[in-house]
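Trainee: fold the stuff below for me.
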Amino acid sequence: MKSKYEIIIYWSSDDSCFVAEVPELPGCMADGKDYNEVLKNVLVVINEWIDTARLAGREIPDPKGRLMFA
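Mentor: Next up is the predicted model:
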């Protein structure tokens, strides 16, 4: 799946890794040792988040776009 959700990626000094958060999917986040790894990881987690929500009968939000939560 090609994600259309906003992904925020930043460096975490506390964890010594990059962190990716998906604000529109509560609790959806991943980490990685570099930018490419964290992006790859968060795309997997987005799919898992959606699959889990679907199985649980929860609503899956439509992607809203850039900086909706800023």
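Trainee: which residue ranges of the chain form helices?
Mentor: Ranges of helices within the chain are 35-56, based on DSSP state H.
Trainee: ok, the nearest residue to Asn41 once chain neighbours are set aside - contacts?
Mentor: Excluding the flanking residues, the one nearest Asn41 by Cβ to Cβ, 6 or more residues apart in numbering is Ala30, at 3.9 Å. For every residue, glycine as well, the C-beta is placed using N, CA and C. Contacts for Ala30 were tallied using Cβ atoms under 8 Å, 6 or more residues apart in numbering; they are 19-20, 38, 41-42, 44-45.
Trainee: can you do 7 Å?
Mentor: With contacts defined as Cβ atoms under 7 Å, 6 or more residues apart in numbering, Ala30 is in contact with 20, 38, 41-42, 45.
Trainee: and the pLDDT for it?
Mentor: Looking at Ala30, its pLDDT stands at 98.
Trainee: picking up where we left off before, farthest pair within the contacts of Ala30?
Mentor: Farthest pair in the contacts of Ala30 (Cβ to Cβ) is Val38 and Val45. Separation: 10.2 Å.
Trainee: state the distance from Leu25 to Ile8.
Mentor: Leu25 is 12 Å from Ile8, where distance means Cβ to Cβ, to the nearest Å.
Trainee: return the distance of the residue nearest in space to the middle of the chain relative to Ser3.
Mentor: Taking Cα atoms, centre = their mean as the criterion, Val22 is the residue nearest the geometric centre of the chain, at 3.5 Å. Val22 is 8 Å from Ser3, where distance means Cβ to Cβ.
Trainee: now do Ile50
Mentor: According to Cβ to Cβ, Ile50 and Ser3 sit 10 Å apart.
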